[in-house]
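Q: Predicted model, plus sequence, below.
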Amino acid sequence: MDAIKAVYDFITGFGPSVMMPIIVTILALVLGARFGKALRAGITVGIGFIGINLVIGLLFQYMGPAAEGMVKNWGVELTAIDVGWPVAAAIAFGTRIGSVIFIVGLLVNIVMLVLRLTKTVDIDLWNYWHWAFSGSLVFVVSGSFLLGIVAAVIHAVASLVIADRTAPRIREYFNWPDISIPQGFAAVSMILVWPIIWVFDKIGFQKPKAETEEGGTDVSAIRERFAIFGEPVLVGLVLGLVIGVLAYVPAGLSLKDLLTNILQLAMGAAAVMLLLPRVVGILMEGLIPLSEQAREFLQKRFAGREFYIGMDSALLIGEPTTLTVGFILVPITLILAVILPGNKMLPFGDLAATPFFIAMLTPYARGNFWRTLVGGTIIMILLMYMGSIWTPVITATAQSIGYAFPEGAAQITGFANPLAWILVMLTKLFTGN
C-alpha cells in the first residue's frame, strides 16, 4: 500500500502543468498521432494549465485577503471555520483510502469503459482526491476500510456517469468537442443544479422561450446594452471596487493603504475577467487535436461508439457569467452565513473559490445572469448548511491525520461536496456512529 501511494504521489507531485502534457502526449501517440503533433498538443495543454493556475492564483491573491478582511471587519463569529480545499485534499490523501485511490480510480474508469457504462476517459488524475475524500470520511465514520473503498467507488462511478450526461450541454454551450467534466465536485454538484433548474422552469423564472435560447438577462446582453460599461474587464473592475470597499473601508487603514488595497483588488478582478477565458482557449487549442485524433481512432476500431476526454472544471470558470456571479457571491455568502438560522460555518478558506461552486450551473442556466445568481445563492446556502452538519466528521478526520488547526479554531469544516455529504450521512445513519 505504501508503495502504491508512493507511485501516486510521485505522479501527481509533478502537478497538472507537467502531468497533463505527459498524459496527453502519450494518449495522442496511442491514438495514432505523429510524435510532433502529439508533443505539441501535450505542451500546449501544459501551457494552458500554467496559464489557468497563474490566473486563478491571481484571483486568490487579491480575493483571499478581501474575504479575510470582510470576516474580520464585520465581526463575524461562527464556531466552525472553513479551511478550504487544500485541507480537504490533505485529508483525502492522508488516510489509507488515499493511498490506493489512484489504482481504484483507474480500475473503475477502465471497467466502466469496457462495460460501456461510461464514455468518459478521465485523464484528470489529480482530482481523484475528491473520490478519496468521500472514502476517507466514510472510513473514519464507520471504521471500515471496505466501506471507505465502496464510498470512493460510488463517487467515482457517479462522477463518470454524470460527466457523460452533462457532456452534450457542455459541448453545446461552450462549443467544445468531446469534452466532459468528471471532476469530483463539479460533476456531483448536478445533484443540486438539476432540481434548481427544474424549479426555475416550473415557475417560469427567466425561462428561455425555446430550448436553444437564452432567457432574460445574460452578461452578453448587459455588454450590448451598456456598451463599454458591460465589457468583462469593467465588470471585473466595478465588482473589485465594491468588494474592496466592503473589505477594507471599516479596517481603519490610512488613505494610501486603503486606496492601494481597493484599487489593486479592482485591477486584479479586471485582469481575471480578461485573462482567464484566453488561457482556457490556449488549453483547448491543445485538446482539440487530441479530441479529433481520438474520434478518428475510435471510428475505425469502435464504430458507433462515442468517447469524451474528462477534464478539470477549471476549464469552465473562464465563462463571463460564472466569474461575474462568483465575485458577487463572495459578500452575499458571508452575509448569509451571519443571518442564516442554524448555520455554524464561517466561510473563509474557499470563499474566494465561489466560481468553482457554480461552474456547472451556468451552462444549465444558459448563461442567464439572474438564474445563475439566484441558483448560485441557493447552492451556497445548501453547502453551508451541509458544512455545518458535518463539522464533527471533518474535525475528527482532520485530527486523525494530525492536521494542525488554525489558531483559535476548535472545529473545522468546509463547503460540502454534495455526494460526499450524502454518503457520510447514510453511513452515520446505518452504523449509528
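A: On my side now, so go ahead.
Q: Contacts made by stretch 247-256 with the rest, please.
A: 65-67, 69-70, 72-74, 258, 261-262, 265 (CB atoms under 8 Å, 6 or more residues apart in numbering). (Each C-beta comes from the backbone N, C-alpha and C, glycine too.)
Q: Report the backbone C-alpha coordinates of stretch 242-259 in PDB.
A: Extracted in PDB, the C-alpha atoms of stretch 242-259 (Å, rounded to 0.1, in the frame of the first residue of the first chain):
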ATOM      1  CA  VAL A 242     -17.300  47.200  -4.500                       C
ATOM      2  CA  ILE A 243     -15.800  44.100  -2.800                       C
ATOM      3  CA  GLY A 244     -12.700  46.300  -1.900                       C
ATOM      4  CA  VAL A 245     -14.900  48.900  -0.200                       C
ATOM      5  CA  LEU A 246     -16.700  46.200   1.800                       C
ATOM      6  CA  ALA A 247     -13.500  44.600   2.800                       C
ATOM      7  CA  TYR A 248     -11.200  47.500   3.600                       C
ATOM      8  CA  VAL A 249     -13.200  50.600   4.400                       C
ATOM      9  CA  PRO A 250     -14.000  49.500   8.000                       C
ATOM     10  CA  ALA A 251     -10.400  48.400   8.700                       C
ATOM     11  CA  GLY A 252      -9.100  51.800   9.800                       C
ATOM     12  CA  LEU A 253      -6.300  51.900   7.200                       C
ATOM     13  CA  SER A 254      -4.500  55.000   6.100                       C
ATOM     14  CA  LEU A 255      -5.900  56.700   3.000                       C
ATOM     15  CA  LYS A 256      -2.900  55.500   0.900                       C
ATOM     16  CA  ASP A 257      -3.200  51.800   2.100                       C
ATOM     17  CA  LEU A 258      -7.000  51.900   1.700                       C
ATOM     18  CA  LEU A 259      -6.800  53.100  -1.900                       C
END
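Q: For that stretch, list every residue counted as buried.
A: 242-244, 246-248, 258 (16 or more other CB atoms under 10 Å).
Q: picking that back up, point out the least confident one among the contacts of stretch 247-256.
A: Lowest pLDDT among the contacts of stretch 247-256: residue 74, with 73.
Q: Which stretches in this structure count as strands?
A: Listed in chain order, the strands of the chain (DSSP state E) span 80-82, 120-122, 179-180, 308-310, 345-346, 411-413.
Q: before we move on, back to that, would a markdown table of the buried residues of stretch 242-259 with distance to residue 380 be doable?
A: Below are the buried residues of stretch 242-259 laid out as a markdown table (distance: CB to CB, whole Å):
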| residue | distance to residue 380 |
| --- | --- |
| 242 | 18 |
| 243 | 16 |
| 244 | 21 |
| 246 | 17 |
| 247 | 18 |
| 248 | 23 |
| 258 | 28 |
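Q: of all these, which comes closest to residue 34?
A: residue 243 (48.3 Å; CB to CB).
Q: how near is the most centrally placed residue in the chain to residue 38?
A: Geometric centre of the chain, nearest residue: residue 356, 3.9 Å, by CA atoms, centre = their mean. Taking CB to CB, to the nearest Å as the measure, residue 356 falls 30 Å from residue 38.
Q: ok, now residue 45?
A: As judged by CB to CB, residue 45 and residue 38 stand 11 Å apart.
Q: between the two, who's got more neighbours?
A: residue 45 (29 against 22; other CB atoms under 10 Å).
Q: quick one: residue 131 and residue 152 touch, right?
A: Yes. Between residue 131 and residue 152 there is a contact at 4.7 Å, judged by CB atoms under 8 Å.
Q: pLDDT-wise, which helix or strand of this protein ranks last?
A: Here the helix or strand of the chain ranked lowest by mean pLDDT, DSSP states H and E is helix 219-226, holding a mean of 52.
Q: picking that back up, can you redo the contacts of stretch 247-256 as CSV with distance to residue 110?
A: Listed next are the contacts of stretch 247-256 as CSV, based on distance: CB to CB, whole Å:
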residue, distance to residue 110
65, 44
66, 44
67, 41
69, 47
70, 46
72, 49
73, 51
74, 50
258, 56
261, 50
262, 51
265, 46
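Q: Quick check: ChimeraX command selecting the buried ones in those residues.
A: ChimeraX command restricting the contacts of stretch 247-256 to the buried ones, with burial defined by 16+ other CB under 10 Å:
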select :65,66,67,69,70,74,258,261,262,265
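Q: Which ones among the contacts of stretch 247-256 map onto helices?
A: Among those, the members falling in helices (DSSP state H) are 65-67, 69-70, 72-73, 258, 261-262, 265.
Q: Would you mind putting the residues you listed into a markdown table with distance to residue 173 alongside?
A: Output for those, formatted as a markdown table (distance: CB to CB, whole Å):
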| residue | distance to residue 173 |
| --- | --- |
| 65 | 33 |
| 66 | 30 |
| 67 | 29 |
| 69 | 35 |
| 70 | 32 |
| 72 | 38 |
| 73 | 38 |
| 258 | 40 |
| 261 | 36 |
| 262 | 34 |
| 265 | 30 |
